[in-house]
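Novice: Give the three-dimensional model of this entry:
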Amino acid sequence: MQTKTLLRIPVFQGLRAARLGALIRDAETRRYKRGQTIFQQGERADAVWVVVKGWVHLVRCPSPQDGAHAVVLYTITRREVLCGVSALEPGRYTASGVAGTDSTVVRIPGADFVAALRQEPELAFRVLQLYAQRIRLMAEHLGGMVDPVPKRVMRSILRLYRQFGATVLVTHRELAQMSWTTTESAIRAVRRLKRRGFVSGTRGRLTIKQPAAMQEWQKSGNDHLP
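Specialist: Numbers count the residues shown, from 1 in each chain. Model prediction:
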């Protein structure tokens, strides 16, 4: 079962049967309910995680004395690998992995993953490509933090739209973390988007009705909703 699962993951496709066997030898399939923590910030980073079903938020929590809000650094979707960098540089998790939906993941011991990278150049190259893409997207995300809250929230919604389609399961709190703002500000921004007819939805569920218009406004450079 785990062999077939890994073969569906783009970075593992084309691996030799013996290498796949070594990866799944001590691998574990785990299931988490939405909101459950998969791994905790500050814990020893000793594993790589493959998202088989659902999606997982990487959440950075500030120390209590900082007085800041938790933020979502990145959202990992189905058939993606998580914490590959942590396996290369053993230490502590710098963020928590939180299930954004009911999720199924495969836990691969970090040592097994590193051994595969050393022996499989194509795998190493694919992992480098994956993390280069994530770094670029995170840089774009950080660059947009100077934008007004409605624009940041809209950008987060559009990112979810591209990943999951027109209807997404997301709470105001999650949107706030993804947009680096407060829950109250995210609620106000969503209300404005609803009034403009861009989105609709109920608690915990959002439907994107006018993605093209939203994307056009994002590109316009206008900070005020049309």
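
Novice: what ranges do the helices span in this protein?
Specialist: For the chain, the helices defined by DSSP state H cover 2-7, 17-24, 84-88, 110-119, 121-143, 149-164, 172-179, 183-195, 211-220.

Novice: helices and strands around the last one, which ones?
Specialist: It refers to helix 211-220. helix 149-164 (3 or more CB pairs under 8 Å, 6 or more residues apart in numbering; DSSP states H and E). C-beta coordinates here come from the backbone N, C-alpha and C atoms, glycine included.

Novice: on contacts alone, who are the packing partners of the helix it packs on?
Specialist: strand 71-76, strand 167-168, helix 172-179, helix 183-195, strand 205-208, helix 211-220.

Novice: list the contacts for the residue most central in space within the chain?
Specialist: Centroid check for the chain by CA atoms, centre = their mean gives residue 75 as the closest residue, at 1.0 Å. Contacts for residue 75 (CB atoms under 8 Å, 6 or more residues apart in numbering) come out as 55, 56, 57, 58, 100, 159, 160, 163, 178.

Novice: ok, of the helices of the chain, where does mean pLDDT dip lowest?
Specialist: Looking at these, the lowest mean pLDDT belongs to helix 84-88 (a mean of 76).

Novice: Show me the contact partners of that one.
Specialist: If you take CB under 8 Å, 6+ apart as the criterion, helix 84-88 is touched by 45, 47-48, 93-94, 110-111, 113-114, 117, 127, 130-131.

Novice: Would you mind listing the buried residues in that helix?
Specialist: Neighbour-count burial for helix 84-88 flags 84, 86, 87, 88 (criterion: 16 or more other CB atoms under 10 Å).

Novice: how near is the second one to residue 97?
Specialist: When CB to CB, to the nearest Å is applied, the distance between residue 86 and residue 97 equals 11 Å.

Novice: Over to the last one?
Specialist: Counting by CB to CB, the separation of residue 88 from residue 97 is 17 Å.

Novice: what does residue 134 give?
Specialist: In terms of CB to CB, residue 134 sits 14 Å off from residue 97.

Novice: more neighbours, these two?
Specialist: Neighbour count, other CB atoms under 10 Å: between residue 134 and residue 97, residue 97 has more, with 24 against 17.

Novice: Name whatever forms a beta bridge with the more buried one.
Specialist: Bridge pairing for residue 97 (DSSP bridges) gives the partners residue 39, residue 58.

Novice: wait, it sits on residue 39?
Specialist: Yes. Proximity of residue 97 to residue 39 meets the contact threshold set by CB atoms under 8 Å, at 4.7 Å.
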